[in-house]
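>>> Only the shape, not the letters, is given here:
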């Protein structure tokens with residue numbers, strides 16, 4: 001991690017945030033190492049560290065032996081120093097997590113319910129929030145806030161099976177509803193950005209500072225991370241791979257958004273037409289041989305289009321890699337990655353390396369919980385509390401076939 005400190009008195013807050021971020025990213029780390037990396041004096045680092053320890057945000061972990069002189073005391077984030085709640089609202093489910101200061105999941109509540117209405121989602125969130133407090137999963141005095149991850153245009157985009165009443169999400173005031181039972185800071189972003197943030201803080205982002213994240217959930221999403229920070233673009237649509245138009249397989253000049261070709265909702269519908277019902281993504285791992293063949297054929301067919309999109313991303317962004325995650329089971333993501341790799345190799349072009357996201361099916365909720373923590377610790381990955389979003393235009397109002 002590159003640090004740039006300042007020894008002037010007016011830079012105290014900036015230096016504090018920089019040292020805390022360095023401990024978060026590089027810890028366990030010693031005071032001497034922090035001084036060397038930040039170019040601050042050892043005395044300045046010591047003063048900042050002592051205040052962070054007094055505030056309960058960091059702790060002295062252990063002494064590092066095996067070196068000459070007095071063993072150095074290593075510093076790391078105090079897991080109990082902060083807590084956070086992460087909420088993932090999607091067209092297929094609701095997941096609520098409580099995490100500690102290092103992102104470890106302390107409690108989880110999950111509801112597998114398609115097209116949940118706003119009032120029901122808030123009912124579950126209110127009950128779970130109070131249950132987490134009652135059980136001690138979160139400490140109210142140490143709660144950094146509530147992070148909400150929700151797809152853009154949740155009630156506006158026509159998807160298979162969407163009820164007419166689902167449009168209520170378009171007019172729903174999320175912050176006002178949460179303020180009814182919690183006075184904590186609320187941070188809102190879309191699901192792909194949240195998943196990518198979780199990957200930055202707890203996954204492959206510790207190795208790849210620039211990557212493109214493809215989220216396979218009820219619908220397809222994407223996010224772009226540049227040098228460890230989410231890049232949302234001028235209108236907040238940075239990384240929205242689902243709207244990238246690609247040519248149809250029939251050889252005609254017509255194009256369709258890639259999100260109209262690939263998502264868990266589409267796969268569920270394809271299986272339903274074959275008489276195979278699945279209620280949740282994990283059911284995909286329990287299919288008989290015929291069901292597995294249908295899924296594999298669908299993944300292989302889509303891999304052709306996804307390879308094309310990834311090649312384009314590689315040429316435009318030149319990331320360290322492309323990461324695929326979401327609720328598609330890990331084994332099926334690996335199968336998809338194999339098909340995509342084969343397709344790219346067949347074309348003989350250079351493309352970014354492909355990786356399965358380190359996060360689990362709860363990656364979005366965990367990433368949502370990372371938003372309040374990032375703000376509370378002034379981490380470089382911290383983003384604004386409300387993302388800028390371009391209005392949905394009539395040109396984008398089309399339902400997947």
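Thanks, I have the structure now. On a predicted model such as this, the values are computed, not experimentally measured, just so you know. Residues are numbered from 1 along each chain as shown.
>>> what phi and what psi does the backbone show at residue 158?
Backbone torsions of residue 158, given as degrees, to the nearest 10, read phi -80, psi 120.
>>> what about it, neighbour count?
Counted with other Cβ atoms under 10 Å, residues neighbouring residue 158 total 10. Where C-beta positions appear, they are placed from N, C-alpha and C, glycine not excepted.
>>> I'd like the distance between it and residue 94.
21 Å (Cβ to Cβ, to the nearest Å).
>>> Likewise for residue 222?
On the measure of Cβ to Cβ, residue 222 and residue 94 end up 22 Å apart.
>>> and what of residue 274?
Distance from residue 274 to residue 94, by Cβ to Cβ: 28 Å.
>>> One more: residue 108?
Using Cβ to Cβ, residue 108 is found at 11 Å from residue 94.
>>> More neighbours: which of those two?
Ranked by neighbour count (other Cβ under 10 Å), residue 108 and residue 94 place residue 94 first, with 20 against 17.
>>> what residues are up against the residue nearest to that one when sequence neighbours are not counted?
Setting aside the residues directly before and after it, residue 94 is nearest to residue 111 in space (Cβ to Cβ, 6 or more residues apart in numbering), at 4.6 Å. Contacts here follow Cβ atoms under 8 Å, 6 or more residues apart in numbering; on that basis residue 111 touches 93, 94, 95, 124.
>>> Over to residue 19?
With Cβ under 8 Å, 6+ apart, residue 19 has these contacts: 34, 38, 40, 45, 48, 49, 52.
>>> Please identify the helix or strand for it.
Using DSSP states H and E, residue 19 sits in helix 12-26.
>>> Next, the closest residue to residue 376 other than its chain neighbours: secondary structure please.
Excluding the flanking residues, the one nearest residue 376 by Cβ to Cβ, 6+ apart is residue 144, at 3.9 Å. Three-state assignment for residue 144 (DSSP: H, G, I helix; E, B strand; the rest coil): strand.
>>> burial count for residue 144?
Neighbours around residue 144, by other Cβ under 10 Å: 25.
>>> Also residue 85?
29.
>>> I'd guessed it sits against residue 138; true?
Yes - judged on Cβ atoms under 8 Å, residue 85 makes contact with residue 138 at a distance of 6.6 Å.
>>> Next up, phi/psi of the residue nearest to the spatial centre of the chain, please.
Nearest to the mean C-alpha position of the chain, by Cα atoms, centre = their mean, lies residue 195 at 1.2 Å. When read as degrees, to the nearest 10, the backbone of residue 195 gives phi -60, psi -40.
>>> Roughly how far does it sit from residue 112?
Per Cβ to Cβ, residue 195 is found 18 Å from residue 112.
>>> and residue 109, helix, strand or coil?
strand.
>>> Then residue 218?
With three-state DSSP as the criterion, residue 218 reads coil.
>>> what's the weakest-modelled helix or strand in this protein?
Within the chain, no helix or strand scores below strand 58-64, which has a mean of 82 by mean pLDDT, DSSP states H and E.
>>> What's the first helix or strand after that strand?
That would be, after strand 58-64 and using DSSP H and E, strand 72-77.
>>> Can you give the contact residues for that next one?
Contacts of strand 72-77 (Cβ under 8 Å, 6+ apart): 23-24, 27-34, 49, 57-64, 101-102, 377.
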